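>>> sequence plus the predicted model coming up.
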Amino acid sequence: MELAYIPSPSRGVLYLGPIPLRGYAFCIILGVFVAVWYGNKRWIARGGRSGTVADIAVWAVPFGLVGGRLYHVITDYQLYFSEGRDWVDAFKIWEGGLGIWGAIAFGAVGAWIGCRRRGIPLPAYADAVAPGIALAQAIGRWGNWFNQELYGRETDLPWALHITSTADGRVPGYYHPTFLYESLWCIGVAVLVIWADRRFNLGHGRAFALYVASYCAGRFWIEYMRVDDAHHILGLRLNNWTALLVFLLAVAYIVVSARKRPGREAVVEPDAASLDGGDKPDGGDEAGEAAGEKADGDGASGDARSEAVEDEAGSATKKT
């Protein structure tokens, strides 16, 4: 008899009247909210304007969702396009299936578009939102718990995850809660990036690269524990190879960037005048009116002085 374990939810969706509230979707939405909220705080601390992170997220989040789904569908195409499967299920994102690699890559494209429209350097924006993204992943992983998916090998540890579903070939039992391992790891990644950013004054994308590298290190061993179907190359799961490759690229970026562009950006966002097309800052109208009044006064004084000079010249002419 098991004395302790993590229970799985009896269902992954609740209904508010006719409206379904899916646990997976709720975790994703909550994660995005936390990432934007915390990213905004860090952006302001770096000298940016409040609201800029949310404005750019309007571009980054949809791109990220599309990219995450595409990566999942492409790398697990057999789930949707093999015999007996319905390809329409590839569009049912609420049932789970987002690849973080595609989400980050496409999300970066969306963020680049948003940053370019605002005249903001993408690396500075990425540094600001990096810890928030890690926290969003920590929250999002609980969506896998709602769906009873992506668990590890069988175990008798007291924190084992009790799987009860038999859908899609699942075998009820007690397994390593890899969703929990990754959630806790992501929280640790966020803490690491925040500490390193303050300690070493990271800039020019290095805080984001540190997030990527540290996440990949954890994802490698967590991925190795999973038992769900996956493509294997030379004995390793595809995501293990992806994590290894991305880790090396992130470390290389940190080293090269630190040599070429040490320190942090002095300016991360153009001033209000540049963003508003040259509009005057607050108080500009009053200052303009005061300057105009002063100019009028100077003009009146000049006219009086001119009249006095003319009168003196006329008197001198009469005397001669």
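It's in.
>>> make it CA atoms for all contacts and neighbour counts henceforth
Will do.
>>> contact partners for residue 115?
Neighbouring residues of residue 115 by Cα atoms under 8 Å, 6 or more residues apart in numbering: 56, 121, 122, 125.
>>> please report which of the residues you listed has the highest neighbour count.
Highest neighbour count within those: residue 125, with 28 neighbours (other Cα atoms under 10 Å).
>>> contacts only, for that residue.
43, 53, 115, 268.
>>> report the distance from the host helix or strand of it to the chain centre.
Here residue 125, judged by DSSP states H and E, is contained in helix 122-140. Relative to its chain's centre, helix 122-140 lies at 4 Å (Cα atoms, centre = their mean, to the nearest Å).
>>> and the next element down the chain from it?
By DSSP H and E, the next helix or strand past helix 122-140 is helix 142-147.
>>> partners of whatever helix or strand comes next after that next one, with directions?
Using DSSP H and E, the helix or strand that directly follows helix 142-147 along the chain is strand 161-163. Note on strand 161-163: by DSSP bridges, its sheet partners are strand 6-7 (parallel), strand 173-175 (antiparallel).
>>> which of those strands comes out lowest on mean pLDDT?
The minimum mean pLDDT among the strands paired with strand 161-163 belongs to strand 6-7 (a mean of 91).
>>> which residues sit against that strand?
By Cα under 8 Å, 6+ apart, the list of residues contacting strand 6-7 reads 159, 160, 161, 162, 163.
>>> rebuild those residues as CSV, extending it with neighbour count.
Shown next, in CSV, are these (neighbours: other Cα atoms under 10 Å):
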residue, neighbour count
159, 17
160, 23
161, 27
162, 21
163, 22
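>>> would you turn those into CSV with pLDDT?
Listed next are the contacts of strand 6-7 as CSV, based on pLDDT from 0 to 100:
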residue, pLDDT
159, 93
160, 94
161, 95
162, 95
163, 94
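>>> out of those, flag the one nearest to residue 179.
residue 161 (9.6 Å; Cα to Cα).
>>> so where's the stretch 151-300 of the chain uncertain?
271-300 (pLDDT under 70).
>>> tell me where it has strands.
In the stretch 151-300 of the chain, the segments counted as strands under DSSP state E, counting those that start in this stretch are 161-163, 173-175, 232-233, 236-237.
>>> out of those, indicate the one that is most buried.
Each of the strands of the stretch 151-300 of the chain was scored by mean neighbour count; the highest is strand 161-163, a mean of 23, by mean count of other Cα atoms under 10 Å.
>>> contacts for that one next, please.
5-8, 148, 151, 171-177.
>>> list buried residues within these.
Buried members of those, scored by 16 or more other Cα atoms under 10 Å, are 5, 6, 8, 148, 151, 174, 175, 176, 177.
>>> mind checking how far the nearest residue to the second one once chain neighbours are set aside is from residue 239?
It refers to residue 6. Spatial nearest neighbour of residue 6, excluding adjacent residues (Cα to Cα, 6 or more residues apart in numbering): residue 161 at 4.7 Å. The gap separating residue 161 from residue 239 is 22 Å, by Cα to Cα, to the nearest Å.
>>> tell me the contacts of residue 127?
203, 204, 205, 206, 207, 208.
>>> ok, it to residue 206 distance?
7 Å.
>>> could you do residue 223 as well?
Taken as Cα to Cα, the span from residue 223 to residue 206 is 25 Å.
>>> and residue 239, by the same measure?
From residue 239 to residue 206 the distance is 23 Å (Cα to Cα).
>>> in terms of neighbours, single out the busier of those two.
Between residue 239 and residue 206, counting by other Cα under 10 Å, residue 206 is the more crowded of the two (30 against 21).
>>> hmm, residue 257 and that one touching each other?
Yes - using Cα atoms under 8 Å, residue 206 is in contact with residue 257, at 7.3 Å.
>>> hmm, who's touching stretch 56-67?
32, 36, 98-99, 102-111, 113-115.
>>> mind listing what's buried in it?
Quick answer for stretch 56-67 (16+ other Cα under 10 Å): 56, 57, 59, 60, 61, 63, 64, 65, 66, 67.
>>> in strands, which of the residues you listed fall?
Here DSSP state E is the test, and those give no hits in strands at all.
>>> and those, which is closest to residue 212?
Looking across these and measuring by Cα to Cα, the closest to residue 212 is residue 64, at 15.4 Å.
>>> just the element for the residue nearest to residue 87 when sequence neighbours are not counted, please.
Nearest non-adjacent residue to residue 87, counting by Cα to Cα, 6+ apart: residue 80, 4.8 Å away. Element membership for residue 80 (DSSP H and E) is helix 78-81.
>>> CA atoms only: put that helix into CSV for me.
Provided in CSV are the C-alpha atoms of helix 78-81 (Å, rounded to 0.1, in the frame of the first residue of the first chain):
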residue,chain,number,x,y,z
GLN,A,78,2.6,10.2,-35.9
LEU,A,79,0.1,11.3,-33.3
TYR,A,80,-1.9,13.2,-35.9
PHE,A,81,-1.1,11.8,-39.4
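>>> fine, thanks again, bye for now.
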